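S.K.: Turn this into a structure:
(one chain, ligands or ions: 2)
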Amino acid sequence: MDLNTLKTIASDAVDKHKDELNELSQAIWSVPELNFNEHSAHRVLTKFLEKAGFKVERNFILETGFRATYGDNDSSKPNICVICEYDALPEIGHACGHNLIAEVGVATGLAIKAAMDASPVPLGKVTVLGTPAEEGGGGKIDLINAYVFDDIDIAMMSHPAPFDQSRPTLLSYVSCKVVYNGRASHAAGFPWEGVNALDAAVLCYQNVSCLRQHFKPLWRVHGVITKGGSKPNIIPDLTELEYYCRAPTDTELDVLKNKISKCFESAAVATGCTVDVRFGERGYSSLISNNIISEIFEQNAAEMGIVLSTKSEEPTGSTDMGNVTHVVPGIQPLFCIGGIAATHTKDFQVEAGSSVAQMFTLRQARVLAMTVLDIFAKPELLTKIKEEFINDTM
Ligand SMILES: [Zn+2]
Ligand SMILES: [Zn+2]
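M.R.: Ligands and ions are numbered 1, 2, ... in the order given. The predicted model follows:
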């Protein structure tokens, strides 16, 4: 059976299930669940995949994680992983559209499975992986640490956006907590007895702002003062700031961390406070888009009539999918859902639940499935993909 016939079968499978797939993402959209608490989404997704004929492992590694597999266990054939996210944001629900990421993941899985069932020869294996808590919790880091990607050859995911883009810039990220300790005293009566931790916090904020002029174009640092004292007549003895730091690579992020650490420390020296700096342990790595997988994806996208953005868009933030692309070759293209709203806005939340998004979501699933079928059909591609991955991560 030729590749084009398999691609048509995959595409038809998405069409055949379009109503159920829509219901699936609607069920997730209408019950927004936060980091590690995506119980309802976990339930509907695993039920759907099991019914569709996948071997499903519920509560996989994490309470709301899952793994659904289908196909040949022959390790000489590729095992391709399609990733679902399904966590929401506090207060604004599915304003990052992760309900649609889940729909794309499941639809891609169904399409590949249909082609596998039709093929007279074994093609490989597909793994639909449910990864909780992308919004800050880093669920994929737990899966990486549990060696889940050890038997996976390629991982892919697709994220909704206001435009179509094949290789988005997604930055390495780390959070940071800065605590200043001083000494309380009556601010009018005995100011000379006090050591002002709020002055330290303000200087810290100013130091970072001064340094910002010298940042490279893709460095980002943004902070807030989370504790700033309690009463004007008490010199604050404890203040706290929280920062997010981002840069295009883990190595550049280390340089940035080093520079801003000096901003934190000098504010303590100037005011006589002590400082405690804690960088988060669950940082996200930058996304490495594998060029060969991207090229295959781009060809299929063009055939499907998708016009990919060629301008280098502003960075769209950071994701734990970045960490995945440091352990296996992968891609995370962005897909337009029919509107112009930016992610993490109330308008995007509305778009992610609208029927307009469905055509775009299912079209993206078709493109991912075609990309996988191309890789199944030409084993030499996988060899090249892996060679590039080794070069990228050396
Ligand atoms: Zn988000
Ligand atoms: Zn997101």
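
S.K.: Please state the backbone phi and psi of the residue nearest to the spatial centre of the chain?
M.R.: Taking CA atoms, centre = their mean, the centroid of the chain lies closest to residue 319, which sits 3.0 Å from it. Here is the backbone geometry of residue 319 (degrees, to the nearest 10): phi -150, psi 150.

S.K.: ok, it - contacts?
M.R.: Taking CB atoms under 8 Å, 6 or more residues apart in numbering as the contact definition, residue 319 lies against 134, 159, 170, 284, 287, 332. In this view, the C-beta of every residue, glycine as well, is placed from N, C-alpha and C.

S.K.: Would you check which pair of those lies furthest apart?
M.R.: Farthest-apart pair in those is 159 and 284; separation 13.6 Å (CB to CB).

S.K.: which one of the two has more residues nearby?
M.R.: Taking neighbours as other CB atoms under 10 Å, residue 159 and residue 284 compare with residue 284 leading, 27 against 24.

S.K.: Relative to residue 212, how far out is that one?
M.R.: To residue 212, residue 284 is 21 Å away according to CB to CB, to the nearest Å.

S.K.: same deal with residue 350?
M.R.: According to CB to CB, residue 350 and residue 212 sit 34 Å apart.

S.K.: which residues in the protein form helices?
M.R.: 3-16, 18-30, 39-51, 98-118, 139-145, 197-211, 250-271, 291-303, 321-324, 346-353, 356-377, 379-393 (DSSP state H).

S.K.: Save those as CSV, and put in distance to residue 74 too.
M.R.: Below are the helices of the chain laid out as CSV (distance: least, CB to CB, whole Å):
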stretch, distance to residue 74
helix 3-16, 18
helix 18-30, 29
helix 39-51, 22
helix 98-118, 12
helix 139-145, 23
helix 197-211, 54
helix 250-271, 35
helix 291-303, 22
helix 321-324, 24
helix 346-353, 38
helix 356-377, 12
helix 379-393, 12
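
S.K.: Point out the most buried one among the ones you listed.
M.R.: Of all those, helix 98-118 has the most neighbours on average by mean count of other CB atoms under 10 Å, namely a mean of 27.

S.K.: How is the protein divided into domains?
M.R.: Following automatic domain parsing, one gets these domains for the chain: 3-170+287-393, 172-279.

S.K.: got the ones you listed as a markdown table, with mean pLDDT columns?
M.R.: What follows is those, written out as a markdown table (pLDDT from 0 to 100):
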| stretch | mean pLDDT |
| --- | --- |
| domain 3-170+287-393 | 96 |
| domain 172-279 | 97 |
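
S.K.: How many residues are close by residue 231?
M.R.: Neighbours around residue 231, by other CB under 10 Å: 9.

S.K.: roughly how far apart are it and residue 237?
M.R.: Residue 231 sits 12 Å away from residue 237, going by CB to CB.

S.K.: How about residue 376?
M.R.: Relative to residue 237, residue 376 is positioned 63 Å away (CB to CB).

S.K.: cool, residue 388 as well?
M.R.: To residue 237, residue 388 is 54 Å away according to CB to CB.

S.K.: cool, and residue 372?
M.R.: Using CB to CB, residue 372 is found at 58 Å from residue 237.

S.K.: same check, this time on residue 127
M.R.: Relative to residue 237, residue 127 is positioned 53 Å away (criterion: CB to CB).

S.K.: Quick check: the gap between residue 67 and residue 59.
M.R.: According to CB to CB, residue 67 and residue 59 sit 10 Å apart.

S.K.: more crowded one of those two?
M.R.: Between residue 67 and residue 59, counted using other CB under 10 Å, residue 67 has the larger neighbour count: 21 against 11.

S.K.: Show the contacting residues for the more buried one.
M.R.: Here residue 67 is in contact with 56, 57, 60, 127, 128, 129, 130, 148 (CB under 8 Å, 6+ apart).

S.K.: For stretch 64-78, output the C-alpha coordinates as PDB.
M.R.: Output of stretch 64-78 as PDB, limited to C-alpha atoms (Å, rounded to 0.1, in the frame of the first residue of the first chain):
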ATOM      1  CA  THR A  64      -3.100  12.500  36.400                       C
ATOM      2  CA  GLY A  65      -0.500  11.200  33.900                       C
ATOM      3  CA  PHE A  66      -1.300   8.500  31.300                       C
ATOM      4  CA  ARG A  67       0.300   6.500  28.600                       C
ATOM      5  CA  ALA A  68      -1.600   5.000  25.700                       C
ATOM      6  CA  THR A  69       0.200   2.800  23.200                       C
ATOM      7  CA  TYR A  70      -0.700   1.000  20.000                       C
ATOM      8  CA  GLY A  71       1.400  -1.000  17.500                       C
ATOM      9  CA  ASP A  72       4.400  -3.200  17.100                       C
ATOM     10  CA  ASN A  73       6.700  -3.800  20.100                       C
ATOM     11  CA  ASP A  74       9.500  -4.600  17.600                       C
ATOM     12  CA  SER A  75      12.300  -2.200  18.800                       C
ATOM     13  CA  SER A  76      13.700  -2.000  15.200                       C
ATOM     14  CA  LYS A  77      10.600   0.000  14.300                       C
ATOM     15  CA  PRO A  78      10.100   3.600  15.400                       C
END
